[in-house]
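Peer 1: Give me a model of this one.
(2 chains)
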Amino acid sequence: MPSLHLENVSKHFGGLKAVDEVTMEVRPGEITGLIGPNGAGKSTVVNMISGVLALTEGDITVDGVSLATDRADVVARKGVARTFQNIRLLPEATVLENVLIGFHRREEASILSQILGLPAAHRETRRFEEKTWDLLRRFRMEEYADYEAGNLAYGHQRRVEMMRAIAADPDIVLLDEPVAGMNDVESEELATIFKELAASGMALLLIEHNVGFVTRLCKQVYVLDSGRMIAAGSPETVIRDPQVIAAYIGTSGH
Amino acid sequence: MIQFYLAYQPIIDFFLLAVGFGYSQQIAFRAGVFSIATAGFAAIGSYCVAILATRTEVPIFMTVILATLLAAAVGGLLALPLARLRGAFQAIATLAFVQIILSLLLYGEGFTGGALGIVGIPREVNTWILLLVVAVTMYVLWNIGRSGMGRVFNALRQEESVASSLGVNIGKYHIIAFILSGAIGGLFGGLQSLYTFQIEPHNYGFAFIVNILTVVILGGRTTLLGPIMGALIMALLPEIARPLAENRQAVNGVILILVITFLPNGVGDEIVFWFRRRKQARQQRKRASEKEARDAVTSS
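Peer 2: You can find the predicted model right below:
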């Protein structure tokens, strides 16, 4: 399974160095954490990987293939999926339809066969529907299949977004604060799912605010502060790092 | 039945043409493209047919096919410079496209007949042909709605960033939407010119744009029933409101405002949504009771 590499990645907005020379690796079969205080540049990193923002400098590769200049949809087709910090669903569509669109990059039916309604197109839709039901069962969302996504509770919306991201079996999944606003039970449920996904060989990058949640799940944790990588390593070493403590709690004697 | 048909035949034909143009307009809206280029596509289609039918020996059937293909190609090309535009800017750019087409028709006098247009087009189209073509168009749109393409269009309309994060090439699907809008617009433009004997640039001007937008806004932007309901209201309104014939524009305006305020999705879409919600509620109850049954078994 492929891994994701960032090499000296920078993003400058004019004079502001939102992300400055960040190097990191997201390995398959693991959950890698990216933490840091508000405004540290975590979401900017995700947006650069997923092709929403262009890099100022550096390179991003998956198995040696560069993504650095790819558009968002090209990155997705190369097997990098993501969720959004502020949930983005298709509000008018049902939960089922929301997950179904996640299979887009696996679609093979030609445009002509779709327009003419040939059996191949129908078969493909049915196959994706069956897979969607598998996902709904796995996330215990079957009973919500016919709800409009916009009407769901917050925790359920997060799950819909998650199902949609992993529907097409991506190699790498970027999770931008996936448990924000969830209660402990809900976030534990998602933690279990993250572990399962990692165990199946996916490379997960978990962007979080909550240090405790990250340290329990991740093997490798990177810490960003003001756009710079101030620490990297196992959770145990990272949380004892004086620079990290200073970034989170602030230092006395300034 | 025959009596009814004979009495209302022009209204029925007007209705069917409006439904066709409505679908051309709607497929763009459905994909999140705020295009009002349908008038331009219709003009291209109708002039293509008129010129070929009056000056060449091309079989009538082939002229309509060629008009459809030409308008589809123009639609696809139009999508390229417009790729980065969204919303109101798309609307303005497509309006400019319509103006360009109309100017070309006006000033290309030798070829298009200028402001007088083209007369003596054979009248080859009747209600049954229109009905057949509307049915085929609906069948194609129905297939699209149930396919991956329909899902992509829905996603693009509701949240573009989600679609691209899932691998949707937005530019490609906007081109497809423009090609479909062009093909349908050109097709019905061609049929219209084989129906009306005479065409002129003025037919595809501001009034045409407003009429077609009204069909889709009154009827609905996403369902097959939308343009049918919209065109039905537009066709029947002058009949029902005959005593108010002098104030027809005002009546149209009032109805448009009422529908936008109280049925923002359009009459047709609201009807379909109502049935859809009822079905969803039924499914929700069914799944809830299934779950209860399962829980009862596991807990006992």
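
Peer 1: Could you list the contact residues of the stretch 151-254 of chain A toward chain B?
Peer 2: Contact residues (Cβ under 8 Å from any Cβ of the partner chain) of the stretch 151-254 of chain A with chain B: A:Arg164, A:Ala168. No exception for glycine: its C-beta is placed from N, CA and C like everyone else's.

Peer 1: May I have stretch B:103-123 as PDB, with CA atoms only?
Peer 2: Extracted C-alpha coordinates of stretch B:103-123, given in PDB (Å, rounded to 0.1, in the frame of the first residue of the first chain):
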ATOM      1  CA  SER B 103     -26.500  39.900 -34.100                       C
ATOM      2  CA  LEU B 104     -25.000  37.400 -36.500                       C
ATOM      3  CA  LEU B 105     -28.500  36.400 -37.700                       C
ATOM      4  CA  LEU B 106     -29.400  40.100 -38.100                       C
ATOM      5  CA  TYR B 107     -26.300  41.200 -39.900                       C
ATOM      6  CA  GLY B 108     -25.600  38.000 -42.000                       C
ATOM      7  CA  GLU B 109     -28.500  39.200 -44.300                       C
ATOM      8  CA  GLY B 110     -27.400  37.300 -47.400                       C
ATOM      9  CA  PHE B 111     -27.300  34.100 -45.500                       C
ATOM     10  CA  THR B 112     -30.000  34.400 -42.800                       C
ATOM     11  CA  GLY B 113     -32.400  36.900 -44.300                       C
ATOM     12  CA  GLY B 114     -31.500  39.600 -41.700                       C
ATOM     13  CA  ALA B 115     -34.400  41.100 -39.700                       C
ATOM     14  CA  LEU B 116     -37.000  39.600 -42.000                       C
ATOM     15  CA  GLY B 117     -35.700  36.100 -41.400                       C
ATOM     16  CA  ILE B 118     -36.600  33.100 -43.500                       C
ATOM     17  CA  VAL B 119     -40.000  32.300 -45.000                       C
ATOM     18  CA  GLY B 120     -41.500  29.400 -46.800                       C
ATOM     19  CA  ILE B 121     -40.100  26.700 -44.400                       C
ATOM     20  CA  PRO B 122     -42.000  23.500 -45.100                       C
ATOM     21  CA  ARG B 123     -44.500  22.700 -42.400                       C
END
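
Peer 1: How far does that stretch sit from its chain's centre?
Peer 2: 24 Å (Cα atoms, centre = their mean, to the nearest Å).

Peer 1: Low-confidence regions, the chain specifically.
Peer 2: Here I'm looking at chain A. Chain A contains residues with pLDDT under 70 at A:251-254.

Peer 1: right idea, wrong chain: chain B
Peer 2: Judged by pLDDT under 70, the stretches of chain B that qualify are B:1, B:299-300.

Peer 1: need the residues of it near chain A, please.
Peer 2: Those residues of chain B that sit near chain A, judged by Cβ under 8 Å from any Cβ, are B:139-140, B:142-144, B:146-149, B:151-152, B:154-155, B:158-159, B:161-170, B:176, B:279-280, B:283-284, B:287-288, B:291.

Peer 1: residue nearest the centroid of chain A?
Peer 2: The centre of chain A sits closest to A:Leu174, judged by Cα atoms, centre = their mean, with a distance of 2.0 Å.
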